[in-house]
Every structure is written in structure tokens, then in C-alpha cells.
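> How does the following fold in three dimensions:
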Amino acid sequence: MENATKRLLMASAIAATLTVTMAVSAAPAPDASPKVKPAGAAAEKKQVFALVSAVGDQFTYVRQKESTGSNIIDNNVRRTLKAQNNGLNLSVLRGLDTAIGNAYPDSERVFITLNPTELDNVLPQDREAVAIGKIVSELEKLPERAKWDKIIVATPTYVQSERRGMGPKLHGLGIYVQPLTGGSLEGQDGNPEIDVSNQGESDTTNPEDGKKNKSKVYIAPYSYIQVYVIDAKTMRVLEKNARHDFQKLNDPNSTAIDIGRSIPMDVLAKSVGDLIERSAARAVGETEFGVSVTIQEVKPVAATPAKK
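Below you'll find the predicted structure:
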């Protein structure tokens, strides 16, 4: 299972098409129809946004496990892996750029990431506070900040409890696998086993054709992030908005015994990247200075069938 997850991370890594460094580089958005100004008129100052991803490179694989007869606190297996080539940060930046490009098409954007190693050995529940603290500390030192209007920062966020069929203690970016069709789960804190034989079905999507279906088992890419809007001049936080996004995937035509092996790696990797970008864009679109934009669900890609 771990090797399969590593292949997913490699497949989902995105090429570095943006300048992403603490030594900032302006990237003006293309202007398809430039306005003609009267002779002698002062040039209108474009708004400048610094877009910052501080989600790091930790990708978490969480899988609910069946009862083995003992009582434990958490009925999930968890593995944290390292994404390659800054891929997670780049996916988030693309989502932030989409949202700002829709709201302010004539603006200039500066792309920045926090070095992923800054979040090494930081507890999941502390990663948001550590990430935003380090970003603010570094940006305060930059003289280029005087030219910016707003700073948009995306960090991982942490959710302690289970919600809407997703496991507890999820944070940042990852995949949650629900493989159980019934039976029982191990009890918690000395409580008896929990009967889940009547567990309800969830709304799921077939990643092969995009059709909706219902299933008790699914693979769910998730993006749990917090977006901060900061005044670039004063470094005051103007607002923040959390997104807890996920997409439950299930291929009803697959005969794979293990739901975790039912979706081809390239299809799952694309679903992960698309979800991350949409989540970041929606987080910005829901802020007061953003605009509500419709981010279309990405159509499924052609892929080789999963091994049966």
C-alpha cells in the first residue's frame, strides 16, 4: 500500500512552471485587450498581490481499518509521505492565481512558497500556526512588500473530529480511504465495538466518466486549508477563510477486491491535483475582497483500466 501511495505522489507532482522563491518575481497577468489612455494621462497603477503557499510537502494517506478485537483511540492507519518537486505548493499557487485572476484580471501576482522543511517535525495540529508565523516573519523583512497591495497565504488546517464520512484528525492535503461495507469498528476509550453494518451510503463520483453514484466504500482526496488575507503594508490580517474540501471517488464497474486499488494511479493523481487547485481558488473567492467564481469540475481523463 505504501509503494502505491508513493507512486501516486510521483504522478501528481507538478512541473515548476512558476517562479516560486522567497526572492520574489513579479508575474503580470496577460491583458488581452489593453485600454488606450489619452495622451498625457497618468498610468493607472495595477494592484499587486503576493500569493503564498505554505502547505508544505507532507501528503497524508489515511485508511479506516477493520476491527481486530482490541480497543484503540483511532480506527485509522496513517502514513505521511513527502511530495516531490514542491508539487503540493505549486497546485495551491495555481488555485490562488485562478481566483485572483478572475477577480482582478489586470493585477500583477508574485508567487512565493515557504520552504517545506520549515514544517518538518511540526505536529499536525500546530502546522497552521507555525506556517503563518514563519511566513509573516519572513515577509516583514522584504523591502519589495512596499509595492504590494495584499498578501494571500494558504496554510494547512486541522480538523479534530470526523465529518461527513471523512475520518477524524485530518489536516492539510491527502487521501482518505473508506474500505468498509459493514461489520464493526474497534471501540474507543474502553467502549465496546461499534456496529457499522447499517452504515449509510455516500454520494460518490466515478472518476472514469464523472457519473454520480452511491457507495459505502470510496477513496476521497481532501484539501483542508486556511487562507489568510493580509494587508501588505501593515501586515495586519484582514480576514481568513477555511476550506474543508474532499471528493469521494468510487468506480462501480471495478471488480478490485480492495477499494484502495480500484482507481488507476494517473486518474487518482489528477483528481488530487484538481481538487487542491479548486479548493484554494474557492477559499479566496469566498473572502470579502474576492469574487464568487464558478470553478468547473474537471472532466475525467482517459486512462488504462485498473488491474482487476
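> okay, CA-based contacts and neighbour counts for the rest of this
OK.
> what's the neighbour count on the closest residue to residue 173 other than its chain neighbours?
Once flanking residues are discounted, residue 173 sits nearest to residue 223: 4.7 Å by Cα to Cα, 6 or more residues apart in numbering. Residue 223 has 28 neighbouring residues, counting by other Cα atoms under 10 Å.
> Determine the longest strand present in this structure.
Scanning the chain for the strand with the most residues, using DSSP state E, yields strand 218-231.
> Sheet-wise, list the partners of the next helix or strand after that one with their directions.
Going down the chain from strand 218-231, the next helix or strand is strand 237-246, by DSSP states H and E. Taking DSSP bridges as the criterion, strand 237-246 forms sheet pairs with strand 218-231 (antiparallel).
> ok now the partner strand, how far from the chain's centre?
Distance, stretch centre to chain centre, for strand 218-231: 5 Å (Cα atoms, centre = their mean, to the nearest Å).
> Equivalent analysis for stretch 233-242, please.
Per Cα atoms, centre = their mean, the centroid offset for stretch 233-242 relative to its chain is 20 Å.
> I'd like the average pLDDT over that stretch.
Mean per-residue pLDDT for stretch 233-242: 94.
> tell me which residues in it are buried?
235, 240, 241, 242 (16 or more other Cα atoms under 10 Å).
> and the residue nearest to the second one when sequence neighbours are not counted, how far is that from residue 234?
When you say that, I think you mean residue 240. Spatial nearest neighbour of residue 240, chain neighbours left out: residue 228 (4.3 Å); criterion: Cα to Cα, 6+ apart. For residue 228, the distance to residue 234 equals 14 Å [Cα to Cα, to the nearest Å].
> What of residue 123?
29 Å.
> Repeat that for residue 163.
37 Å.
> Kindly report the same for residue 135.
The separation that residue 135 has from residue 234, given Cα to Cα, amounts to 14 Å.
> Strands along this structure, start to end?
Going by DSSP E, the chain shows strands at 26-28, 48-53, 58-64, 76-82, 108-113, 150-156, 158-159, 170-178, 184-185, 194-195, 202-205, 212-215, 218-231, 237-246.
> Next, the angle strand 218-231 makes with the third one.
Interaxial angle of strand 58-64 relative to strand 218-231 (axes from the mean of the first three to the mean of the last three Cα atoms, to 10 degrees): 140 degrees.
> who does strand 58-64 pair up with?
Strand 58-64 is paired, per DSSP bridges, with strand 76-82 (antiparallel), strand 170-178 (parallel).
> Check the second one too.
Using DSSP bridges, the strands paired with strand 48-53 in its sheet are strand 108-113 (parallel), strand 150-156 (parallel).
> Rounded mean pLDDT for the shortest one, please.
When pLDDT is averaged along strand 108-113, the result is 92.
> Export only the CA atoms of that strand, formatted as PDB.
Provided in PDB are the C-alpha atoms of strand 108-113 (Å, rounded to 0.1, in the frame of the first residue of the first chain):
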ATOM      1  CA  GLU A 108       0.300  41.500 -11.100                       C
ATOM      2  CA  ARG A 109       1.000  38.500  -9.000                       C
ATOM      3  CA  VAL A 110       4.100  37.500  -7.100                       C
ATOM      4  CA  PHE A 111       4.400  33.800  -6.300                       C
ATOM      5  CA  ILE A 112       6.100  32.600  -3.100                       C
ATOM      6  CA  THR A 113       6.400  29.300  -1.200                       C
END
